[in-house]
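# The sequence isn't on hand, but the structure is:
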């Protein structure tokens, strides 16, 4: 999982990066609040962030506050890291939008444990979003299938009746084609009703449901 | 030979018209109904033992209708014809007593074969 660290002190930043990398995280680092803010704004920004409070350009509190103003499907889990540890500071940090708070100098194991909490929460949120999307897909699939299958039945049936009653082969060929295309439509609605997973594929600049993968 | 009678139930008039034509072309006598309630009325008027029911009907649905019919008509052949098929629906249909289950859009020749099979079965059961 990716994690952003924001720490202006060079040595502290290097140590933190090394420690997190050792624990298996893919670390994105920022040297000040402004850089952290920029990096956390992108659509594929890390979902976890450890921010130092005292930083030049923009402090950790300001970054927290701005991040919370932004609407994100899955909010970024923020841990504030700082030497300021009075009750008043802790409250200020949490109210600005931090999810947790660790005082410097910190115990490595405690940091690791608290980041794990964040990771759990981020994963839970991601799975909830996935479930909701999937529910939406199923509900739409049901409505669409049912609505479409009715008129398709009429077209298909009437084509079959025409084929039975006509002798002209040219006309029959055209009607056979109509019937075949309706059968294709029928296969699409069958796939729609067989959707069991939320699977998407790229479509121009966004995504659409990948019917073949979703109905496996 | 007694005439072979079929009941078709669907809330879509165009579908009823089309099914009626298809079955009549093959010599069956076809009764139709646009709802489960209407179907129950029709069944009082004539002796019909082969039925094709849409499941999504206004008022009482096709599954409930089948359950009701099964209580008093164990020898009838009742088929489900549905616009939205899910595993849940299939299980429910079996539980309700449907003899078979078709997903729209279904080919007429499949339904015609089902009707033929139904009458063959009933004929066999009556002889035993």
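Structure's in. What do you need? All values derive from a computational prediction rather than experimental measurement.
# Nearest residue to residue A:159 in space, please, no chain neighbours.
Among residues not flanking residue A:159 along the chain, residue A:179 sits closest, at 4.1 Å (CB to CB, 6 or more residues apart in numbering or on different chains). The C-beta positions use only the backbone N, C-alpha and C, and glycine is treated the same way.
# Report the contact partners of residue A:144.
With contact taken as CB atoms under 8 Å, 6 or more residues apart in numbering or on different chains, residue A:144 is in contact with A:189, A:192.
# Let me see the contact set for residue A:167.
Contact criterion CB under 8 Å, 6+ apart gives no residues in contact with residue A:167.
# That one and chain B, how far apart?
For residue A:167, the distance to chain B equals 16 Å [CB to the nearest CB, to the nearest Å].
# And the pLDDT at that residue?
Note for residue A:167: predicted pLDDT of 88.
# Spatially nearest residue to residue B:53 (excluding sequence neighbours)?
Counting by CB to CB, 6+ apart, the residue nearest residue B:53 is residue B:62, at 4.2 Å.
# Kindly report the same for residue A:45.
Nearest to residue A:45 is residue A:39, by CB to CB, 6+ apart, at 6.3 Å.
# residues near the one you found, how many?
For residue A:39, the neighbour count with other CB atoms under 10 Å in any protein chain shown is 16.
# ok, now how distant is it from chain B?
Relative to chain B, residue A:39 is positioned 45 Å away (CB to the nearest CB).
# My guess is that residue contacts residue A:31. True?
No. Look at residue A:39 against residue A:31 with CB atoms under 8 Å: they stay out of range, at 10.7 Å.
# Residues contacting the one helix or strand residue A:20 maps to, please?
Using DSSP states H and E, the element containing residue A:20 is helix A:10-22. Contact partners of helix A:10-22, identified using CB under 8 Å, 6+ apart, comprise A:3, A:5, A:7, A:27, A:29, A:31, A:50, A:52, A:108, A:111, A:115.
# Any idea how many residues pack against the fourth one?
In this case it means residue A:27. When neighbours are defined as other CB under 10 Å, residue A:27 has 18 of them.
# what do you get for the third one?
Look at residue A:7: counted by other CB under 10 Å, it has 25 neighbours.
# Same question for the last one.
Using other CB under 10 Å as the criterion, residue A:115 is surrounded by 21 other residues.
# For it, I want the exact helix or strand it lies within.
helix A:108-165.
# same deal with the fourth one?
According to DSSP H and E, residue A:27 maps onto strand A:26-30.
# buried ones in the lowest-mean-pLDDT helix or strand in chain B?
Of all helical and strand segments in chain B, the minimum by mean pLDDT, DSSP states H and E falls on helix B:87-96, at a mean of 80. Residues of helix B:87-96 classed as buried by neighbour count (16 or more other CB atoms under 10 Å in any protein chain shown): B:89, B:92, B:93, B:96.
# Pick out the residue nearest the middle of chain B.
Nearest to the mean C-alpha position of chain B, counting by CA atoms, centre = their mean, stands residue B:52 at 1.7 Å.
# Pretty sure it sits against residue B:82.
No. Residue B:52 lies out of contact with residue B:82 (CB under 8 Å); the separation is 10.7 Å.
# Chain B contacts on chain A?
Contact residues, chain A versus chain B (CB under 8 Å from any CB of the partner chain): A:142, A:145-147, A:149-158, A:160-161, A:164, A:182-183, A:185-186, A:190, A:193.
# swap the cut-off to 10 Å and go again
Taking CB under 10 Å from any CB of the partner chain, the part of chain A that reaches chain B is made up of A:138, A:141-161, A:163-165, A:179, A:182-183, A:185-187, A:189-190, A:192-196.
# What subset of these is buried?
The neighbour-count test (16+ other CB under 10 Å) marks A:138, A:141-142, A:145-146, A:148-161, A:163, A:179, A:182, A:185-186, A:189-190, A:192-195 as buried among the residues of chain A next to chain B.
# residues in chain B within reach of chain A, list them.
Close to chain A, as judged by CB under 10 Å from any CB, chain B has residues B:10-19, B:21-22, B:25-26, B:54-56, B:81-87, B:89, B:102-109, B:111-112.
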